[in-house]
Every structure is written in structure tokens, then in C-alpha cells.
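Undergrad: following is a predicted model, sequence given first.
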2 protein chains.
Amino acid sequence: MPRRVGKAAGSATSLKRLADHLALSPGTISVVLNGVPRAGEIPQKTQDRIFAAAKKLNYRPNHAARTLKNKRSYTIGILAPEISEGYGALLLNAIGEYLIGHGYFYLVATHGRRPDLLEEYPRILMERSVEGFILIDTALKKPLPLPAVAISGHKRLAGLTNVVLDHDLAAKLAIDHLAELGHKKIAFMKGQTFSSDSAERWRSIQQAAIRSGIPASEDWTFQLTKPGFSPEVSYPMVQQFLKKKKDFTALFAYNDFSAIGAVRSLRDAGFRVPEDVSVVGFDDVNSAAYQNPSLTTIRQPWKKMAQIAAKTLLDRLNHKRVPAEILVEPELIVRESTGKCKSKSS
Amino acid sequence: MPRRVGKAAGSATSLKRLADHLALSPGTISVVLNGVPRAGEIPQKTQDRIFAAAKKLNYRPNHAARTLKNKRSYTIGILAPEISEGYGALLLNAIGEYLIGHGYFYLVATHGRRPDLLEEYPRILMERSVEGFILIDTALKKPLPLPAVAISGHKRLAGLTNVVLDHDLAAKLAIDHLAELGHKKIAFMKGQTFSSDSAERWRSIQQAAIRSGIPASEDWTFQLTKPGFSPEVSYPMVQQFLKKKKDFTALFAYNDFSAIGAVRSLRDAGFRVPEDVSVVGFDDVNSAAYQNPSLTTIRQPWKKMAQIAAKTLLDRLNHKRVPAEILVEPELIVRESTGKCKSKSS
DNA sequence: ATAAAGTGTGCAACCAATTGCGCAAGTGCG
DNA sequence: CGCACTTGCGCAATTGGTTGCACACTTTAT
């Protein structure tokens, strides 16, 4: 005599409710619905009944219970300094799509580079049983106790795969382009010290510059300090730089937003872009093509990087071997912000 | 005779392990650590021992087990069409910071406006025991069975709070500004039909236009169709519009990125901005101030909207009463892309 | 008829945390 | 000296899903 279970009781359909409804045990139902090998031992007729009832009662397994028992949460932790306009958002979007497409969700924690939060958030995410981490522009001091993939990380740590841009190639593309246009006096904008690409990129730029016989000393250099991805970050720094040096004919910016700020700053100081100064950006954000002038820039294949990062992490979670570093190639996109060098002295 | 538990067994410290270590029952420890009223009945000495051991063994309660038992996950589901450059990313960032600051995390699902995903993702998020939803630019057909707050939603649904911009004021600010500059022939860009602000904004624009004696008929209007937040979305539409109408002296764009695309398109067609055509944007994204010309725009207080949305949802989860609609005020930011109307005919 | 083999099913333990109930001491009062 | 009351604390059930193992029942072989 099957007990009658009121539909009003509780809300979601649990395994037990289904079991009562079918006059079977929760165990049997679990076996059938999960299709484990042993399910073959259960008669087709019973299996059909189970599937039908599950559909009818709209049964959805409780994720927390599953996580607890199976020790798999199908959840990834993402650590980023912030979700900004530009690069970071595009990465996050592509990472998210890949993960959701493969049955995973993600928790994002934005730490703003605060050391205390960089300690705390990975811990909290692990309490929430994330299975691994993806780091965006985030430098860790200690290795994490879980598999991790870093985009634009440069430190080799145990259990960490770095997905990095080929900065040597990027620097070469930009500098060769400017050199071909006749530029010899190039100003370089260094990224903020805390930005994880800054050091690597600067090293590559110096090497490429030497090879092309272009000076890249302190004189030709200034550094961003304010955090963030906004033209505000570079505008005042360019103004300041112009006070000590005016005879450069090209500028290689740290990213597109700082290039936009630089263009503005140069124009406000009376320089035309590209007639007086050529400007090269970095990243190729969506609006780069629609600036005035449109930006010549080094395109980071951010979508590819995001997919590689997500795929690599899932591979590791499924016990595949993955490399410690994966290099991706940038591309030069020539637009209007660079032009022939017209200065006679150069 | 207490069992000896090797520290090698398992990884994280569970309540039971702590209990074995202390030779107490898990229940007692739970009572003390959670500070429920009954904890007062347990002697201070025992409590001190418990706290000390918890710290020493680095005890962290398992979130999945808590969620299962307490039916509270401290997790919010966020539904957005995409995480784009611009507006959406800024909102997400501010929402995330508020939530994390209040002990909540969030799962993001980007649905790309696909109807099947708009059905599926809320369900999956609910399986993952989210306690409520925040919707960004997402139109629902059915009410959700959980508390929800929509940013830029305009449909009244049960259990839903809408955080919306005062579009009447926004339209008035933009049109009054253009009218004061002498513009009478204004072209209007309508948002994509699926964008949740489009209809509301267009209605407000029409009203404001009538009051100012400015025509806002079909003739003066064109509509975006491609999805996304990129200048690409508007560039070809402006080109097309220019084929049928050329005598407007101002353009009110749907957002900053479409304004950027429009400026570009106008210039490519031989119009100077703002000398021949003034352009007003919407949103005031970070780079708007650094365009050339810098964009006059209607600033959405996105940070405030994000915080209000997050706060309102948490209030509802804590059984406070909240309004069905919350209006926030935009602000006119005058920059270089608008100027005096010089056309004689107007 | 009886054992062996084979088939279908469900009990109970487990995961980790929480909580009602009640056991077992200790204290006070008559 | 005994009864009642308080205090301190632990047992066991609960949450929902998964899984090892045992049990029952049927079929086949001897």
C-alpha cells in the first residue's frame, strides 16, 4: 500500500519523494538514473517507470548533497584583480562560456591586489569546494593546494600552468613596424609594477629595441602607477613625461586604454597623432578600431587564451598531463594611429 | 580509550575529526563554534579548548554540508546576456564586491539572450541552491520561484524588484541640452529590440521631443539590430541611415559604444563632429571622456545601481520588505562631441 | 528434492554539519 | 538520606544522494 505524498509538502522533488511515489528504494532509483554498470541488473520495465516518474515529478538532484558525497563540485574559482572594462571582462566571458559548456560553473573573487584578500579568497573558495582555480593577472606568492591555470602569470609554481603571450614576438612586431616607418626615437610606457605582464614585456621590448638599434633606456621610458584599465591611468603620466622629453616620434603604450589616454594627452599638448607622434596600443579591445584615429595595436588572442586556460584546467581535473607553460602568439593590427616618421632629425 | 586518528587520513579537518581530537561530541563543538544560545550552558574552559583546537587544526566547516542542512547557500545567481566591455562588466564588478563584502558569492550564467538558455540556466542555478537572482539586461517571460532584482528590467513580475534609470529625465537632459545649442533636427538611434532599455527609453525620448517641439518620427530614427556592446553595432547602421537622411545636426545614440561607432561613421562620410553633427552618448563608460572628440553623454550611476540591486536582494532574503521599483537619476556630462548648431536652416 | 547459480531489490552506512531530546552527573532543599 | 531541580554534554536523527553488501526469489542442474 503506497503512502500518498501530498504535493504541497516541501518544494523540490527529492530522491526519497520519488522513491515513495514509485514504492522503490532511493538506492535503486539512484542506480538507474545515474546509469552505473549495475543498472543493467534492473529490469527494463522498472527502469522505464523510474525515468517516467523522474520526468513527471521534475526531479532534480540536489547539488549540495552530490558535492558532499562525491567530493566533486563542478565549480571553478576565478581570481582576478577586478572585472574591468576591456581585457579582463572579455577573458571572463570566454572562460565562463567554456566552463558552462562543459558542465562547470565558476565563482569569481575580485581581490583588487590586496595581499590580505589574496590570502583569504582562495581559502574561502576552497571551503566552497571549488575544484581548481583560474587566475587572471594575479600573482601568487605560494602555490595553491589545487590545480590552477594562470593567464598572464609568469612565475613557475607547483601545480600551476601559465598561459602567456609571446612577448618577444609582440615587442618585435611593434618595434619592427615602427622602425619600418622610420621611427628611431620611441617612448615606452611600462605597465604598473603589480601588473603581471609588466616585467616580462619590458624585458622583451628592451631586447627587440637593441636588435633594431633603438634606444630603450630610462630616458625613453615612463611607468604607469595607478591601478585600473582606464585612460585616466595614462593621461597624467604622459603629461608628466612630456615635461622632460619631447623629441620622440612614437609611443608604445602598455595597453589600448592607456594608448587612448596617451593620444588624448598628446593632442592636448599640441601633438598630432599620427603626424607628429605614432602610437601603438596593446590588446585590441573592441573599441580600438573605432578610436579617432583608430589604434594600431598588438592583438592578444584573448578568446583563445581563455579557452586554453579553461580547457587546460579541466584536463588537469580529469587527470590528464598538462604543460607548465603554454605560449600564444600576438598579431600586429595596423590602423591609423601610426604613420611614417616625418621628423628630419631621425 | 580515545581512538587515535592519523593526521594523514583525509585532508581537511572535519567536525568529527575535531571531536575525536578533543574527545567531545561533534554536536557540542558545533554548538560552541556557532555560538547558539545553548552554548552558554557549556563551561568556559571547554569552550576555550574547542576554540583553541579549531584554530590549531585549522578547522573550516564544509560549505556543501552546511548548505544541505541549513538550506542556505549564501550564493546568488547572476543572469546576463554576456560579460562585455563597458557597462555590464562595471555592474558585475560592483555587484560582486557588494555581495562578497556581505558574505555572499555568486554564480554567473551568460545566456546570450537565447530563449532555451534563459529557461535552462535559472533552473541549473537553482539546483545549485542559489538563494536569489540578479538580472542584468535580461527580460524574463515567467516569474522566477526565488527573489530577484533586475537592473534595467521594465516588466513587473511577482517577486521581482526593478532597478531602473529615470529615462524621462535622461531624455529631457539630452534633448534640452541639444535644444539649447540650437539643434532642431535630431536623429535618434533606437536600441536593439531585445535590449531591455530600448522601449522605455524610446518612449521617454518621444515625450521629451514633443515637449521641445522636436520631431521624433520614423524619419528621424533608425534602430540597432546586431547584439553586443561594440562600435561595430552602430557603424553600418549610421552609414545606412545617411543614405536616406543627411540634414540632421545632432544624433542621440543608444549608448557610448554605439556613439563611438557613429562618430566614426559620420567622419568617414565627411561630417565633422561636433561642427556638423553633435553626438550624445549614453552610460559614460570609462573611455568616453578620452574619445576624440570626448563624448557628451548621459551618465548612468552604474555603481549605485549595482549596489542598490545587491542590497535590495539581500534585504529580501532577510525578509525585509522591498519596493517593486527603484528609480535612479542620470546626469548629463557635457564634453566635446556636442556644440552649437551652425546650420542656417535650423 | 536439493544445491548451485543467477537475478533483482533494498537496507544501511556514509559524506559533514546541525539540533532536539534526554541521559547523567551535581547541587540544593526538606 | 532522598527527592527534585539544574547544569553539562552527547546521542541520534536529519538533510539528499550514493554505494557496498546482503537478502530474497527464481531458474537451472543434478
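TA: Noted; the coordinates are in hand.

Undergrad: burial count for the closest residue to DNA strand D within the stretch 151-300 of chain A?
TA: At 25.6 Å from DNA strand D, residue A:159 is the closest residue in the stretch 151-300 of chain A, using Cβ to the nearest atom of the strand. All C-beta spots, glycine's among them, are computed from the backbone N, C-alpha and C. The number of residues packed near residue A:159 is 15, by other Cβ atoms under 10 Å in any protein chain shown.

Undergrad: so what does it have for phi and psi?
TA: phi 70, psi 10 (degrees, to the nearest 10).

Undergrad: can you pull out the helices in the stretch 1-150 of chain A?
TA: A:15-22, A:26-34, A:44-56, A:63-70, A:87-101, A:115-127 (DSSP state H, counting those that start in this stretch).

Undergrad: do the first one and DNA strand D meet at all?
TA: Spelled out, it's helix A:15-22. Yes - using Cβ under 7 Å from any atom of the strand, helix A:15-22 reaches DNA strand D at A:15, A:16.

Undergrad: that helix and DNA strand C in contact?
TA: No - with Cβ under 7 Å from any atom of the strand as the measure, helix A:15-22 is seen stopping short of DNA strand C, the closest distance being 8.0 Å.

Undergrad: do the second one as well
TA: Yes - Helix A:26-34 is in contact with DNA strand C by Cβ under 7 Å from any atom of the strand, via A:26, A:27, A:28.

Undergrad: one step back: can you tell which of the helices of the stretch 1-150 of chain A is closest to residue A:227?
TA: Residue A:227 lies closest to helix A:87-101 among the helices of the stretch 1-150 of chain A, at 12.1 Å (Cβ to Cβ).

Undergrad: elements contacting that closest one?
TA: Packed against helix A:87-101 by the contact rule (3 or more Cβ pairs under 8 Å, 6 or more residues apart in numbering or on different chains; DSSP states H and E) you find strand A:75-80, strand A:105-110, strand A:132-136, helix A:302-317, helix B:87-101, strand B:105-110.

Undergrad: run a quick neighbour tally on the residue lying closest to residue A:342 once chain neighbours are set aside.
TA: Of all residues beyond its chain neighbours, the one nearest residue A:342 is residue A:275 (6.8 Å), with distances taken as Cβ to Cβ, 6 or more residues apart in numbering or on different chains. Residue A:275 has 11 neighbours, counted by other Cβ under 10 Å.

Undergrad: surely residue A:275 touches residue A:338?
TA: No - look at residue A:275 against residue A:338 with Cβ atoms under 8 Å: they stay out of range, at 10.9 Å.

Undergrad: joint contacts of these two?
TA: Shared contacts of residue A:275 and residue A:338 (Cβ atoms under 8 Å, 6 or more residues apart in numbering or on different chains): none.

Undergrad: ok, the residue nearest to the spatial centre of chain A - contacts?
TA: Central residue of chain A (Cα atoms, centre = their mean): residue A:91, 3.9 Å from the mean position. Listed by Cβ under 8 Å, 6+ apart, the contact partners of residue A:91 are A:136, A:151, A:302, A:305, A:306.

Undergrad: how far away is the nearest residue to it once chain neighbours are set aside from residue B:134?
TA: Distances taken as Cβ to Cβ, 6+ apart place residue A:306 nearest to residue A:91, at 4.8 Å, with adjacent residues excluded. Using Cβ to Cβ, to the nearest Å, residue A:306 is found at 23 Å from residue B:134.

Undergrad: between these two, which one's more packed in?
TA: residue B:134 (29 against 24).

Undergrad: that one against residue B:151, yeah?
TA: Yes - assessed by Cβ under 8 Å, residue B:134 is found in contact with residue B:151 at 7.1 Å.

Undergrad: shared neighbours of these two, which are they?
TA: Contacts common to residue B:134 and residue B:151, judged by Cβ under 8 Å, 6+ apart, are residue B:309.

Undergrad: coming back round to it: can you say which of the helices of the stretch 1-150 of chain A is packed in most?
TA: Each of those was scored by mean neighbour count; the highest is helix A:87-101, a mean of 22, by mean count of other Cβ atoms under 10 Å in any protein chain shown.

Undergrad: just want the angle from that one to strand A:132-136.
TA: With axes from the mean of the first three to the mean of the last three Cα atoms, to 10 degrees defining the directions, helix A:87-101 sits at 160 degrees from strand A:132-136.

Undergrad: by proximity to DNA strand D, which residue of chain A wins?
TA: Closest point on chain A to DNA strand D, by Cβ to the nearest atom of the strand, is residue A:27, at 2.5 Å.

Undergrad: now do the contacts for the closest residue to residue A:247 other than its chain neighbours.
TA: Using Cβ to Cβ, 6+ apart and skipping residues adjacent in sequence, the residue nearest residue A:247 is residue A:185, 5.9 Å away. The neighbours of residue A:185, taking Cβ under 8 Å, 6+ apart as the test, are A:215, A:220, A:247, A:248, A:249, A:250, A:343, A:346.

Undergrad: show me what from the stretch 151-300 of chain A comes close to chain B.
TA: A:229-232, A:235, A:257, A:260-261, A:263-264, A:267, A:285-287, A:289-294 (Cβ under 8 Å from any Cβ of the partner chain).

Undergrad: now a PyMOL select for only the buried ones of those residues.
TA: In PyMOL syntax, the buried subset of those is picked out as below (16 or more other Cβ atoms under 10 Å in any protein chain shown):
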select buried, chain A and resi 229+230+231+232+235+257+260+261+263+264+285+286+287+289+290+291+292+293+294
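
Undergrad: just the residues of the stretch 151-300 of chain A next to chain B: which are in helices?
TA: A:235, A:257, A:260, A:261, A:263, A:264, A:267 (DSSP state H).

Undergrad: got the contact list for the closest residue to the first one other than its chain neighbours?
TA: Taking Cβ to Cβ, 6+ apart as the measure, residue A:235 lies nearest to residue A:261, with 4.2 Å between them; neighbours along the chain are not counted. Contact analysis of residue A:261 by Cβ under 8 Å, 6+ apart lists A:230, A:231, A:232, A:233, A:234, A:235, A:238, B:290.

Undergrad: hmm, try it at 10 Å
TA: A:189, A:224, A:230-239, A:253, A:255, B:286-287, B:289-290 (Cβ atoms under 10 Å, 6 or more residues apart in numbering or on different chains).

Undergrad: any idea how far residue B:176 is from it?
TA: Taken as Cβ to Cβ, the span from residue A:261 to residue B:176 is 31 Å.

Undergrad: cool, residue A:153 as well?
TA: 50 Å.

Undergrad: quick one: residue A:69 and residue B:62 touch, right?
TA: No - the criterion here is Cβ atoms under 10 Å, and residue A:69 misses it with residue B:62 at 11.6 Å.
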